[in-house]
Structure formats: C-alpha cells, structure tokens
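Trainee: Sequence and predicted structure are below.
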Amino acid sequence: METPSPHPSLIPVFSPEALAARVLELGQRIRDDYQALLTVEEPLLVIGILNGAFIFLADLVRAIDLPLEIDFIRLSSYQEETQSSQHVVMLKSLEKEVGGRHVLVVEDIVDCGLTLAWLLEFLGSKGPKSLKVAVAISKLERRQNNLSLDYVGFELEEGFLVGYGLDYAHMYRHLPGIHKLRLGS
Ligand code: IMP
Ligand code: MG
C-alpha cells in the first residue's frame, strides 16, 4: 500500500529538478549579462524580498559566478489570506546603499505586481546604476501593471502556489518543489 501524502491538498506543479535546472539557466544568463559590468570593487547588489525569496535567492546566487553582495528587504502585502491587499508595508529596510550600484531584485512570485512595482519605485528613487528583477514565478491572471521582468523562472496563468519559499499562512515554505494549493480541502 502507498504511504498517504502528508499534504493531501497539494498538487505538484514544478518539481525540485525542474526548478534546479531553470535556476541554473537563469544564473548563467545573469552571469553573461553582468560579466562585463562588475568587478570585485563594484559587485552586483542582489536584494532578496523576505520572506518568500530566501530559497530561490539561495539557489540563484550560487548559480551566478560573479562578484556580488546580498541584502534583504522585508515587505508585506498579504495578511494570511489569498487576496492581495493594496498596501505594501516595509517590515525590514535595506542595510546597503543602492545609489550608484548595479541592483538585482530577487522575488519569489509576482501576482498583481503591486509589491514589485512599489519596490522598483522605492529603489529607483535612490539612483541605482542599473535595476533588474529576477522572479521564480510570474503569475499572469491578476497582473495589474506591465512590469518588465528581466529573468523569469516559470510563467503560470493562475492558482495559489506553495513551496520553494512560497507560503500559505506561513506554512509550506520548506517544500522543495512548488505545488498548487487546493483551497477548501
Ligand atoms: P503582488 O503584489 O500581488 O504581486 O504580490 C506578491 C506577493 O504576494 C508575493 O511576494 C507573495 O508573497 C504573495 N503571493 C502572491 N501569489 C502567491 C501564491 O500563489 N502563493 C504564495 N504567495 C503568493
Ligand atoms: Mg513575497
């Protein structure tokens, strides 16, 4: 008899192997794009958005063979529910200066796009030398703006996803693959 799944309401969407392969591709593209711009004196500044981006960022930076520094910002636009509120709150600010730096923002998932739009405006106002975005998942159905995303792991039309950093009410972040959450079961 098969062992019952500990997470019966989860449907696998992206396997750990598929994520790992895609992250390697993104890391190589990022290395190719930035190679001529960076030196040890002028490293890339990678900014992860907590909490969700911590796993994608950890994998991505290990696939970028270039001088880089890492900082984190913590934003919140979700209040333990699956509807995005209109508010973005900064719960932890950056420790590095952004002005004059090549900056790469790393985010787990873009849904409506409000969180990222807010952050890009915030960082843009500090005068970075360049500002790009890497996201693991771009979810299209509810997008409210036409943000340009420079490096996208996977695109998806709809659904609430968990795993690989993504949570539902603080749960499931640790799952190595990405799953769709069947709500109400
Ligand atoms: P946006 O402002 O709607 O783009 O919200 C982006 C944020 O909402 C992400 O950083 C996630 O924290 C959260 N979010 C959006 N969709 C999902 C999902 O499918 N699963 C888990 N978190 C999500
Ligand atoms: Mg997030």
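Mentor: Everything's here; your move. Ligands and ions are numbered 1, 2, ... in the order given.

Trainee: is it true that Pro12 lies in a strand?
Mentor: Yes - using DSSP: H, G, I helix; E, B strand; the rest coil, the secondary structure at Pro12 is a strand.

Trainee: Contact distance from ligand 1 - what residues of the chain qualify?
Mentor: By the rule CB under 6 Å from any ligand atom, the part of the chain lying against ligand 1 is 52, 77-78, 84, 107-116, 139, 160-162, 166-167. Using the backbone N, CA and C atoms, a C-beta is placed for each residue, glycine as well.

Trainee: Out of these, which sit inside helices?
Mentor: Counting by DSSP state H, the residues of the chain next to ligand 1 place Leu114, Thr115, Leu116 in helices.

Trainee: Throw those residues into TSV and include neighbour count, thanks.
Mentor: Listed next are those as TSV, based on neighbours: other CB atoms under 10 Å:
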residue	neighbour count
Leu114	20
Thr115	20
Leu116	23
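
Trainee: just these now: which is nearest Leu175?
Mentor: Leu175 lies nearest to Thr115 out of those, by CB to CB, at 21.7 Å.

Trainee: That closest one and His87 touch, don't they?
Mentor: No - using CB atoms under 8 Å, Thr115 is not in contact with His87; the gap is 10.0 Å.

Trainee: Mind listing the shared neighbours of these two?
Mentor: Residues touching both Thr115 and His87 by CB atoms under 8 Å, 6 or more residues apart in numbering: Ser77.

Trainee: Tell me the pLDDT of Pro43.
Mentor: On the pLDDT scale, Pro43 is placed at 98.

Trainee: I'd say Arg182 and Ile11 touch.
Mentor: Yes - using CB under 8 Å, Arg182 is in contact with Ile11, at 6.3 Å.

Trainee: which residues in the protein form helices?
Mentor: Using DSSP H, helices in the chain cover 16-34, 54-61, 114-124.

Trainee: quick one: the residue sitting nearest the centre point of the chain and Glu42, what's the gap?
Mentor: By CA atoms, centre = their mean, the chain has its centre lying nearest to Glu107, at 1.9 Å. Plainly put, Glu107 is 24 Å away from Glu42 if you go by CB to CB, to the nearest Å.

Trainee: Check His174 too.
Mentor: For His174 relative to Glu42 (CB to CB), the value is 35 Å.

Trainee: Kindly report the same for Ser138.
Mentor: 29 Å.

Trainee: Please identify which of these two sits among more neighbours.
Mentor: The neighbour comparison of Ser138 against Glu42 (other CB atoms under 10 Å) goes to Ser138, with 19 against 13.

Trainee: okay, and for this structure, where does confidence drop off?
Mentor: Low-confidence segments of the chain (pLDDT under 70): 1-6, 8, 78-86, 184-185.
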